[in-house]
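Student: just a sequence and a predicted model for now, questions to come.
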Amino acid sequence: MSYQTHYFKSGLRLVFMPETSKIVYCGVIIDVGSRHENENQYGMAHFVEHLLFKGTEKRSVTQIINRLENVGGELNAFTAKEETGVYSAVLQEYTERAIELIADITLNSVFEIKQINLEREVILDEIDTYEDSPAELIFDEFEKQLFSNNYALGHFILGEKALLRKYTRDDIFEFYKQHYKPQNMVLFVRGNADFKKLVNCGEKYFGDFDFNPNRVLNPVRVVDTKPAEKLQILQKNTIQSHVAIGGNTVNMYHPDRMAIYLLNNILGGAGMNSLLNMSLREKRGLVYTVESNFQPFTDAGEWCVYFGCDPHDALKCEKLVYRELKKLCEKKFSETTLSKYKRQLFGQMAIASENGENMAISLGKNYLRFGKIEKLSDIWKKIEEIKPEHLLEITNEMFDKNNIYTLKYVP
C-alpha cells in the first residue's frame with residue numbers, strides 16, 4: 001500500500017502505487033459529475049464523457065480506438081454523481097502511450113457536430129436500454145425521490161431525452177472547458193512503472209495549462225425545499241415487483257462511515273450469509289436477488305435495500321425486510337458475533353484488493369477526495385475498533401421510521 005505523489009504547476013495531482021505486474025492501470029479522475037450540472041444541463045457530464053472518444057485536434061475516432069487496442073490495451077470511462085473517470089489497462093511498456101492518449105482526449109477534444117449528433121442517438125438508446133432494466137433503474141428513481149430537495153444529487157446521470165436533443169456544440173463545449181482542466185484532475189497509476197518517468201509524462205502531456213489558485217471549482221448547488229415523499233408506487237410493464245427501501249445517512253467524511261460499511265455488509269452485502277439473503281432467499285425462496293447498499297457522497301449519504309420478487313410475495317418480503325431492521329435496532333451484537341462479521345469483511349476487502357482495475361480507480365478517487373491513501377491495515381484497525389454499543393446507536397438512527405422512504409415498481 002506504499003504510494004508516491006506529485007503536484008504539478010498545472011494543478012494536476014499524480015498518485016502512483018507500485019505493483020509487481022505486467023499490467024499497468026492508469027487514468028484520470030475528474031472532479032465533475034452529474035451533480036455539477038445546472039437544471040438546463042441534465043445529462044451533460046455523461047454526454048461529454050461519451051464525446052471524449054470521438055475526436056481530438058490530432059486524432060480521429062478510429063485512431064483513438066486503435067491507439068491502445070492495437071497493442072492489446074483497453075480504454076474505458078464512466079460518469080458518476082460526483083466524478084468522471086477515464087482509464088486504461090495496458091502492458092507495462094505502453095504506459096506512456098496510454099497516459100498521452102488519456103491526456104489528449106480529456107484536454108483536446110474537438111466535439112465535431114457530426115459526432116455529437118451520432119452520439120446523441122447512442123445515448124438516447126442507452127436511456128431506453130436502462131429504462132428496460134427495472135432492477136437498475138429503480139436505484140436512480142429512488143435517489144430522485146430521496147434527494148428531491150437537492151436536485152444536484154437527485155436527477156439522473158444519463159439526463160433527460162428532451163434536453164439531450166436540444167444541446168448544441170456551444171452548450172457542450174462550454175461545460176467541457178469549465179471542468180476539464182488539469183487542476184480538476186487526479187492522474188492515477190497502479191503497476192510496475194518508474195515514478196520519475198510518470199512525473200515527466202505528467203509535465204509533458206498535462207503541463208501546458210495555467211493554474212488558477214483562485215478559481216472556484218464545482219460549487220455545490222442546492223435548491224428547492226420540498227420534502228421527499230415517503231412512499232411512491234409506480235406502475236411499470238414488468239413481470240416482477242421491484243422494491244427499494246432506504247433513507248439518508250452520513251457523508252464520506254463522517255467518522256461513522258466504516259461502521260456503516262460493516263453494518264451494510266451484515267444486512268445485505270456480498271456474502272450469501274447476509275441477514276436479508278438468509279431470510280428472503282435461503283429460508284423462504286421468495287427472491288433471486290436481495291441486497292443493501294451504502295452510498296456516501298461528499299456532503300450527503302444514502303442507504304438502500306432492494307429486492308425483486310413475484311408480485312404476490314411483495315408484501316411478505318417487505319415485512320421480512322422490516323423484521324430484520326427491527327431486530328438490528330433492538331438487540332446489539334455480542335462481541336463474538338460482531339468479531340465474526342468483521343473477519344468476513346476483512347477477507348472480502350483483501351480479495352477485492354486483488355482486482356487491479358477497481359483498486360486503481362479507487363486509488364484515484366480516494367486521492368481526489370481525501371488527499372491520501374489509507375493502508376488496508378489502518379482501515380482494518382478502524383473496523384476492529386467498532387463496538388457493538390456504537391453500532392446499535394447507528395442502527396437506530398439510520399433505521400428510524402422517520403428516515404425510511406419506499407419506492408415500488410408494480411406490474
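Tutor: Nice, thanks for sending it over.
Student: what are the ranges of the helices in the stretch 1-150 of the chain?
Tutor: Here the stretch 1-150 of the chain has its helices, by DSSP state H, counting those that start in this stretch, at 44-51, 61-69, 95-107, 113-131, 134-146.
Student: now for the second one, which elements pack on it?
Tutor: Which is helix 61-69. Packing partners of helix 61-69 (3 or more CB pairs under 8 Å, 6 or more residues apart in numbering; DSSP states H and E): strand 74-79, helix 95-107. No exception for glycine: its C-beta is placed from N, CA and C like everyone else's.
Student: so where's the stretch 1-150 of the chain shaky on pLDDT?
Tutor: Scanning the stretch 1-150 of the chain for pLDDT under 70 picks out 1.
Student: for Asn355, see how far away Phe47 is.
Tutor: If you measure Phe47 against Asn355 using CB to CB, to the nearest Å, the figure is 29 Å.
Student: quick one, which of those two is more surrounded?
Tutor: Using other CB atoms under 10 Å as the criterion, Phe47 and Asn355 rank with Phe47 on top: 26 against 11.
Student: before we move on, the earlier item: adding distance to Lys197, write the helices of the stretch 1-150 of the chain out as TSV.
Tutor: Listed next are the helices of the stretch 1-150 of the chain as TSV, based on distance: least, CB to CB, whole Å:
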stretch	distance to Lys197
helix 44-51	28
helix 61-69	18
helix 95-107	7
helix 113-131	33
helix 134-146	40
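Student: so which of those is nearest Gly268?
Tutor: Gly268 sits nearest to helix 134-146 of all these, at 13.6 Å, using CB to CB.
Student: what helices or strands is the closest one leaning on?
Tutor: So helix 134-146, by 3+ CB pairs under 8 Å, 6+ apart, packs with helix 113-131, helix 151-154, strand 231-235, strand 241-249, strand 301-309, strand 405-410.
Student: to Gly73, which of those lies closest?
Tutor: Nearest to Gly73 among the helices and strands packed on helix 134-146 is helix 113-131; the distance by CB to CB comes to 22.3 Å.
Student: by how many degrees do the closest one and helix 44-51 diverge?
Tutor: If you take axes from the mean of the first three to the mean of the last three CA atoms, to 10 degrees, helix 113-131 sits at 120 degrees to helix 44-51.
Student: ok so, going back, for Ser10, find the nearest of the helices of the stretch 1-150 of the chain.
Tutor: helix 95-107 (9.9 Å).
Student: contacts for the closest one, please.
Tutor: For helix 95-107, contacts defined as CB atoms under 8 Å, 6 or more residues apart in numbering pick out 24, 26-28, 30, 52-53, 56, 58-59, 64, 67-68, 71, 73, 75, 86-88, 90, 180, 182, 185, 187, 189, 191, 193, 197-198, 201-202, 204-206, 209.
Student: for the helices and strands packed on helix 134-146, give me JSON lines that also has distance to Ile361.
Tutor: Formatted as JSON lines, these follow (distance: least, CB to CB, whole Å):
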{"stretch": "helix 113-131", "distance to Ile361": "21"}
{"stretch": "helix 151-154", "distance to Ile361": "21"}
{"stretch": "strand 231-235", "distance to Ile361": "32"}
{"stretch": "strand 241-249", "distance to Ile361": "23"}
{"stretch": "strand 301-309", "distance to Ile361": "20"}
{"stretch": "strand 405-410", "distance to Ile361": "28"}
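Student: can you lay out the ones you listed as JSON lines showing mean neighbour count and distance to Ser34?
Tutor: Shown next, in JSON lines, are the helices and strands packed on helix 134-146 (neighbours: other CB atoms under 10 Å; distance: least, CB to CB, whole Å):
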{"stretch": "helix 113-131", "mean neighbour count": "14", "distance to Ser34": "13"}
{"stretch": "helix 151-154", "mean neighbour count": "21", "distance to Ser34": "8"}
{"stretch": "strand 231-235", "mean neighbour count": "12", "distance to Ser34": "21"}
{"stretch": "strand 241-249", "mean neighbour count": "22", "distance to Ser34": "19"}
{"stretch": "strand 301-309", "mean neighbour count": "23", "distance to Ser34": "15"}
{"stretch": "strand 405-410", "mean neighbour count": "20", "distance to Ser34": "19"}
